[in-house]
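K.L.:
for reference, the sequence and a predicted model appear below.
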Amino acid sequence: MQQQVNNEWFTEICKEGGIALGFKLKDKLHEEITDFQKIEIYATEHFGNLMVIDGFIMLTSRDNFLYHEMLSHPALFTHQNPSQVVIIGGGDCGTLKEVLKHQEVAKLWQIEIDERVTRLAQAYFPELCDANDDSRANFYFGDGLKWMTQATAKSIDVIIVDSTDPIGPGEVLFTEAFYKDCFAALREGGIIVQQSESPLLHRDSIIAPMHKKMRAAGFTSTHTLQFPQPCYPSGWWTATMAGKNCNLQGFRQADVANKPFNTGYYNESIHLATLAVPELLLGI
């Protein structure tokens, strides 16, 4: 990955895909180097604010709802009673906001290694932080890998891994050892879901190994769901679920059809569509 910035454009160059993605800029709003990474915030012409971490596009105001909804609602509606939820990463709080739309969620922990991501989201993406003061939300700024090793066995219903790419601080969240810790922390019928990159660019390097490692960690079923994501390389993105003795092909369909909250993308038909597997992902 490389990035190029001039007065008019931010461009992320994806070398492994031989492609680049650019946003026309209005202004640079913020830049800092934290103890963990470099964070930049830009105002774009057409996609609202843009957050970049270590040169990688993280989110924009305009299209983040696609990612946040698909990382949260399919897993939560697949689980029969998602009372206790943990988010690893997700410092921008968009996933937290979607999770807390579910009234059956009694307690949510968000484990983010870099507190500055959350503070900058509050400043530049305040619409994602509406639920931060919800009494069910608990924040821990520290190492998600360590937190999971210390989690009480069979105490969690759903784990959402809203991580960066598998490099730098996020690399340890794509290992069999991490999945084993998650498996131990989940109750029977529990689900882990993790962003798993582009099927067009990362099928063999990330998605297929993720399925293998999750199953090796003890999960009895795995499934990759797909959705559009314009701000990420190729525009085609995925999240991969793994179940602890549960059926990932079933979901609380009536509850989705009658959900008491608004979404921009996710609905009953979209969930049904995500159960289909494109030929590219068969056999992994």
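P.N.:
Okay, I see it.
K.L.:
if I pick T34, what's in contact with it?
P.N.:
Applying CB atoms under 8 Å, 6 or more residues apart in numbering, we find T34 in contact with 114, 116. Using the backbone N, CA and C atoms, a C-beta is placed for each residue, glycine as well.
K.L.:
secondary structure element for the closest residue to I284 other than its chain neighbours?
P.N.:
Leaving aside its chain neighbours, I284 sits nearest to A208 (4.1 Å; criterion: CB to CB, 6 or more residues apart in numbering). In the assignment (DSSP states H and E), A208 maps to helix 208-216.
K.L.:
can you list the weak-confidence ranges in the protein?
P.N.:
For the chain, applying pLDDT under 70 flags the ranges 1-5, 165-170.
K.L.:
quick one: the longest helix along the chain to chain centroid distance?
P.N.:
Longest helix in the chain, counting residues (DSSP state H): helix 64-78. Distance of helix 64-78 from the chain centroid (CA atoms, centre = their mean, to the nearest Å) equals 8 Å.
K.L.:
would you mind extracting the C-alpha trace of that helix into CSV?
P.N.:
Extracted in CSV, the C-alpha atoms of helix 64-78 (Å, rounded to 0.1, in the frame of the first residue of the first chain):
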residue,chain,number,x,y,z
ASN,A,64,-19.7,3.7,6.5
PHE,A,65,-23.2,2.5,7.2
LEU,A,66,-22.7,-0.4,4.7
TYR,A,67,-19.8,-1.8,6.7
HIS,A,68,-21.1,-1.1,10.2
GLU,A,69,-24.6,-2.6,9.5
MET,A,70,-23.2,-5.7,7.8
LEU,A,71,-20.6,-6.3,10.5
SER,A,72,-23.3,-6.2,13.3
HIS,A,73,-26.9,-7.1,12.2
PRO,A,74,-26.4,-10.4,10.4
ALA,A,75,-24.6,-11.9,13.4
LEU,A,76,-26.9,-10.4,16.0
PHE,A,77,-30.0,-11.6,14.2
THR,A,78,-28.5,-15.1,13.6
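K.L.:
could you look up the next helix or strand downstream of it?
P.N.:
Next element after helix 64-78 (DSSP H and E): strand 84-89.
K.L.:
export whichever helix or strand comes after that following strand as CSV, just CAs?
P.N.:
Moving toward the C-terminus from strand 84-89, the next helix or strand (DSSP H and E) is helix 94-99. In CSV, the C-alpha atoms belonging to helix 94-99 read as follows (Å, rounded to 0.1, in the frame of the first residue of the first chain):
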residue,chain,number,x,y,z
GLY,A,94,-20.1,3.0,14.2
THR,A,95,-20.4,-0.7,15.0
LEU,A,96,-21.2,0.0,18.6
LYS,A,97,-24.0,2.3,17.5
GLU,A,98,-25.6,-0.4,15.3
VAL,A,99,-25.2,-3.1,18.0
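K.L.:
from the contact counts, what lies against helix 94-99?
P.N.:
For helix 94-99, the elements it packs on are helix 64-78, strand 84-89, strand 107-112, strand 156-162, judged by 3 or more CB pairs under 8 Å, 6 or more residues apart in numbering; DSSP states H and E.
K.L.:
go with 7 Å
P.N.:
Applying 3 or more CB pairs under 7 Å, 6 or more residues apart in numbering; DSSP states H and E, we find helix 94-99 packed against helix 64-78, strand 84-89, strand 107-112.
K.L.:
just put these in CSV and tack on mean neighbour count and distance to C182.
P.N.:
Below are the helices and strands packed on helix 94-99 laid out as CSV (neighbours: other CB atoms under 10 Å; distance: least, CB to CB, whole Å):
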stretch, mean neighbour count, distance to C182
helix 64-78, 24, 13
strand 84-89, 25, 9
strand 107-112, 22, 12
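K.L.:
same list (the ones you listed) but as JSON lines, adding distance to L272.
P.N.:
Putting those into JSON lines (distance: least, CB to CB, whole Å) gives the following:
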{"stretch": "helix 64-78", "distance to L272": "10"}
{"stretch": "strand 84-89", "distance to L272": "23"}
{"stretch": "strand 107-112", "distance to L272": "27"}
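K.L.:
give me the angle between the longest helix of the chain and strand 156-162.
P.N.:
160 degrees (axes from the mean of the first three to the mean of the last three CA atoms, to 10 degrees).
K.L.:
many thanks, we can stop here.
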